[in-house]
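**Q** the following comprises the amino acid sequence and a computationally predicted model.
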Amino acid sequence: MARLRFLAPALVAAGIATLSAAPALAQTKWNLPSAYPADNFHTENIAQFAKDVETLSGGKLLITLHPNAVLFKAPEIKRAVATGQAQAGEVIMSIHENEDPIFGVDVVPFLATSYESSKKLWAASHPFVEKKMESQGLMVLYAVPWPPQGIFSKTPVTKVEDLKGAKWRAYNVGTSRIGDLLGAQSVTVQQAELAQALATGVVTALITSAATGYDVKIWESIPYFYDVQAWLPKNMVFVNKAAFEALDKPTQEAVLKAAAAAEERGWKSSIEKSKWYVDQLQAKGMKVEPPSAELRAGFEKIGKQLTADWIKKAGPDGEAILATFNK
């Protein structure tokens, strides 16, 4: 009897240990690399997405976010996810325009210049982006736009000719092509290296969002910002399709529910922060101005040429997207 009394607590303890170990054994862990700083609104949104997934899945799926290109550089992230080196990732969609023009639809200058038109363009292009990603073993979870793009310059700019010869930062095919049409010297620099490129004079002019300008403390190197609102590029968060399909049905549903919430929250955050970022540039001493009529006309002319170029490259899919968008 004494022996039974001794064994009983031990058996209970063993049972509790087994039960507490069960969730750990069943837990799936994903890595999600991003190229942007931890305090960027995109990254903060992903962090909340990861928390939501953990909560909604009852702890079955744990996503570890790796910001600021510490795990993979921006151009490497999609391939890393496709090959299973990471299970999920985030990239600016247009960085992959060189492999398929569909990825560059949202950086065609002056095609979609407001949040409303950007959302309409995403609705028109989403099925085509999704199809391309699926062919690469990937699945789009959600997409969120950056604030509208403006011109940052070391020197005053009143017309496009003023940018001739500038050291022009490019981060995708579209921005590189703009540099060529401006007669600038294009140099490819991703965001993680941008602050250093600005500080060392490798870059003296660029087109990007006020959010990126704020992230890299652009006022330390560049004094002028012209709010041309040329386009709203999107970041997309995606997953290795095989990794997603390996999850049980309730966990898959948790991921999709968290992704839908992240897309809605991300668009709202981008809209709310758009003016805030511009105000911050001004508060830091930058000269923030709307573009002159001449500067805007010059960029709209470039935009028409690049739209025609894009349609030619994108073919029937591109025509179908624009037909839907223009309805």
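**A** Now that the structure is in, tell me what you want to look at.
**Q** what ranges does this structure have for its helices?
**A** Remark: helices assigned in the chain by DSSP state H are 2-26, 41-56, 74-82, 115-135, 173-182, 191-199, 210-215, 241-245, 249-283, 293-325.
**Q** between those, which gets nearest to residue 104?
**A** When these are compared by CB to CB, helix 173-182 sits nearest residue 104, at 5.4 Å. Every C-beta, even on glycine, is put in place using the N, C-alpha and C of the backbone.
**Q** so the closest one versus helix 293-325, what angle?
**A** With axes from the mean of the first three to the mean of the last three CA atoms, to 10 degrees defining the directions, helix 173-182 sits at 140 degrees from helix 293-325.
**Q** give me the residues contacting helix 173-182.
**A** By CB atoms under 8 Å, 6 or more residues apart in numbering, the residues outside helix 173-182 that reach it are 94, 97-98, 104, 107-109, 160, 163-164, 166, 168-170, 185-186, 188, 206-207, 302, 305-306, 309.
**Q** beta partners of the spatially most central residue of the chain?
**A** Compute the mean C-alpha point of the chain, and by CA atoms, centre = their mean the closest residue is residue 235, 2.1 Å away. Note on residue 235: beta-bridge partners by DSSP bridges are residue 92, residue 144.
**Q** same check, this time on residue 28
**A** Assessed by DSSP bridges, residue 28 has beta-bridge partners residue 61.
**Q** against residue 248, how distant is it?
**A** Going from residue 28 to residue 248 by CB to CB, to the nearest Å gives 9 Å.
**Q** try residue 154
**A** Going from residue 154 to residue 248 by CB to CB gives 55 Å.
**Q** the two: who's more crowded?
**A** residue 154 (16 against 13; other CB atoms under 10 Å).
**Q** which residue packs closest to the more buried one, ignoring adjacent ones?
**A** Leaving aside its sequence neighbours, residue 154 sits nearest to residue 204 (CB to CB, 6 or more residues apart in numbering; 4.2 Å).
**Q** my guess is that neighbour contacts residue 151, does it?
**A** No: between residue 204 and residue 151 there is no contact under CB atoms under 8 Å: 11.7 Å.
**Q** residue 244 and residue 217, how far apart?
**A** Distance, residue 244 to residue 217, by CB to CB: 37 Å.
**Q** so between these two, which is more surrounded?
**A** Ranked by neighbour count (other CB under 10 Å), residue 244 and residue 217 place residue 244 first, with 19 against 13.
**Q** correct me, but that one touches residue 255?
**A** Yes: if you go by CB under 8 Å, residue 244 and residue 255 touch, sitting 6.9 Å apart.
**Q** tally of neighbours for the residue nearest to residue 154?
**A** By other CB under 10 Å, 22 other residues sit near residue 204.
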